[in-house]
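Engineer: sequence unknown, structure follows:
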């Protein structure tokens, strides 16, 4: 759901509270529908618990959405990030907590988010992760979906839907690229070449995040 | 193979093990909210205090070393999973007695992430904290890329050395420098002969054939690349010790600490047979074992095998290693 406003004769869409509500709900549902697949991929070279953790984060989104009353968009997203951070079950919580908490850093008290601000949110999420991990494109982590998604968003037209679609599609391509990579981080790293042919599970859940944001808008 | 473990519900494993641990050692430690284990004498500590974090499932590590002379607070995550940063920030605040906090983190992806987020937050709050990372697994990266080395049993003697320096009244910068010097001069190599099951998923952590051993096995069943036919105690001791000596470039006349850490299902009998050979080999090279430990410090469930740990020692490090401590699983008088 977006608000259409007329600005200098051009129709522009803005994301409002209801838009973000719908976007995060769509992320939660996508994550929930994919927990088994995430668990299966993770069990090949990881602990096998990524689906469980993502399922917990999806449930947290839904319960936070039910409680969302007067909070600003920034504060809702920021609190969601803090909630992810403490979800338990390994690295996924702190990683997604940092990413989503980073999104909020680009906001102040806005009630409407335009394309430029949305681009800034995505960039801020990526930069927050840059601060805490050395993983970059090619290391076979969530960054292989995230970095291209954020870059595609910056290149997209100044329209929120274009930004969301561009980022979702780039993240999806990023996942496919990880199939040709050897894991450089985390538990999967010790499996070396055996990880070829399997996508990175963190990249998969990150692409689902961008897909959900895009579908829900 | 079906998992055979005495557990109740898989999602309450960590809670129940910590409750039991704290009850069994209530004279020394207290369990606080956030799966945080606290030294009972923390409130009277007028010194640098020491905090660590890490997943459960490695008992007695890490919380088994909370007590006077070692750790002040240990923050426990789920089985083999790092705790979240907020719990660690809270633990550091709880531990801080005004002399600063040493924060020891083992090099594993999740722990490093939590460690970095925690450091960001404590810096924002103006707390005096120095982080030391233990990363000493020689199997998965050369010494030049020590950032890629996993943290194995070496965290435990690092707690002891840092605890000794803190008890001696050293400043945070001095305690951290001593801990870092020790950590920079240690190396571990693990061997596994039989994998373990992950207690919360029931999946095998590693799958080794009957006639195989794997040198370089990580402590969550991550492969190490050194699969080979099973060898005798003497042969295994020699392979592993030589790798550690080469990594540390230990020379004739030097003093070392040698730890043989059973990972869960290897008997003390076997560890002593391996130790015997290590001592013979070191003696022949004129290297003195000035400090040692043989037993289970950091386990990997029922994984059969052990971690061999070697560190170059000097008089100051030895003094801190030998200083008194009173924790559930390490005591020195």
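Structural biologist: Yep, that arrived. Quantities reported herein were computed from a predicted structural model and do not represent experimental measurements. Numbers count the residues shown, from 1 in each chain, chains lettered A, B, ... in the order given.
Engineer: quick one: name the residues of the stretch 201-333 of chain B near chain A.
Structural biologist: B:201, B:203, B:218, B:220, B:222, B:223, B:224, B:225 (CB under 8 Å from any CB of the partner chain). No exception for glycine: its C-beta is placed from N, CA and C like everyone else's.
Engineer: one more time with 10 Å, if that's ok
Structural biologist: For the stretch 201-333 of chain B, the residues in contact with chain A (CB under 10 Å from any CB of the partner chain) are B:201-203, B:205, B:216-218, B:220-225.
Engineer: can you flag the buried ones in these?
Structural biologist: Buried members of those, counted by 16 or more other CB atoms under 10 Å in any protein chain shown: B:201, B:205, B:216, B:217, B:218, B:220, B:221, B:222, B:223, B:224.
Engineer: on that earlier part again, farthest pair within the residues of the stretch 201-333 of chain B next to chain A?
Structural biologist: Using CB to CB, the two most remote members of these are B:202 and B:225, lying 25.9 Å apart.
Engineer: for the residues of the stretch 201-333 of chain B next to chain A, which one is nearest chain A?
Structural biologist: Distance to chain A across these (CB to the nearest CB) is lowest for residue B:222, with 3.7 Å.
Engineer: that closest one contacts residue B:152, correct?
Structural biologist: No: counting by CB atoms under 10 Å, residue B:222 stays clear of residue B:152, with 11.2 Å between them.
Engineer: between these two, what contacts are shared?
Structural biologist: In terms of CB atoms under 10 Å, 6 or more residues apart in numbering or on different chains, residue B:222 and residue B:152 are both contacted by the residues B:108, B:137, B:139.
Engineer: and chain A, which of these reach it?
Structural biologist: Restricting those to those near chain A - CB under 10 Å from any CB - leaves B:108, B:139.
Engineer: want to throw the shared contacts of residue B:222 and residue B:152 into a markdown table with distance to residue B:175, neighbour count and pLDDT?
Structural biologist: Converted to a markdown table, those look like this (distance: CB to CB, whole Å; neighbours: other CB atoms under 10 Å in any protein chain shown; pLDDT from 0 to 100):
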| residue | distance to residue B:175 | neighbour count | pLDDT |
| --- | --- | --- | --- |
| B:108 | 23 | 27 | 90 |
| B:137 | 24 | 27 | 95 |
| B:139 | 29 | 26 | 91 |
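Engineer: could you dump the shared contacts of residue B:222 and residue B:152 to a markdown table with secondary structure?
Structural biologist: Below are the shared contacts of residue B:222 and residue B:152 laid out as a markdown table (DSSP: H, G, I helix; E, B strand; the rest coil):
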| residue | secondary structure |
| --- | --- |
| B:108 | coil |
| B:137 | strand |
| B:139 | coil |
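Engineer: re earlier: nearest to residue A:147, of the buried ones among the residues of the stretch 201-333 of chain B next to chain A?
Structural biologist: Looking across those and measuring by CB to CB, the closest to residue A:147 is residue B:222, at 25.7 Å.
Engineer: would you say residue B:114 is within a strand?
Structural biologist: No: counting by three-state DSSP, residue B:114 is not found in a strand; it is helix.
Engineer: nearest residue to residue B:174 other than its sequence neighbours?
Structural biologist: In space, and not counting its chain neighbours, residue B:174 is closest to residue B:165: 6.5 Å by CB to CB, 6 or more residues apart in numbering or on different chains.
Engineer: residue A:197 too?
Structural biologist: Nearest non-adjacent residue to residue A:197, counting by CB to CB, 6+ apart: residue A:179, 5.9 Å away.
Engineer: and the helix or strand containing residue A:51, is it in reach of chain B?
Structural biologist: Per DSSP states H and E: residue A:51 is located in helix A:50-66. Yes: for helix A:50-66, a contact with chain B is found by CB under 10 Å from any CB, at A:52, A:53.
Engineer: distance between that helix and the chain's centre?
Structural biologist: 13 Å (CA atoms, centre = their mean, to the nearest Å).
Engineer: next one: residue A:203 from residue A:143, what distance?
Structural biologist: The gap separating residue A:203 from residue A:143 is 8 Å, by CB to CB, to the nearest Å.
Engineer: residues shared between the contacts of those two?
Structural biologist: A:174, A:178.
Engineer: where's residue A:39, which helix or strand?
Structural biologist: Residue A:39 belongs to helix A:35-45, assigned by DSSP H and E.
Engineer: cool, thanks, talk later.
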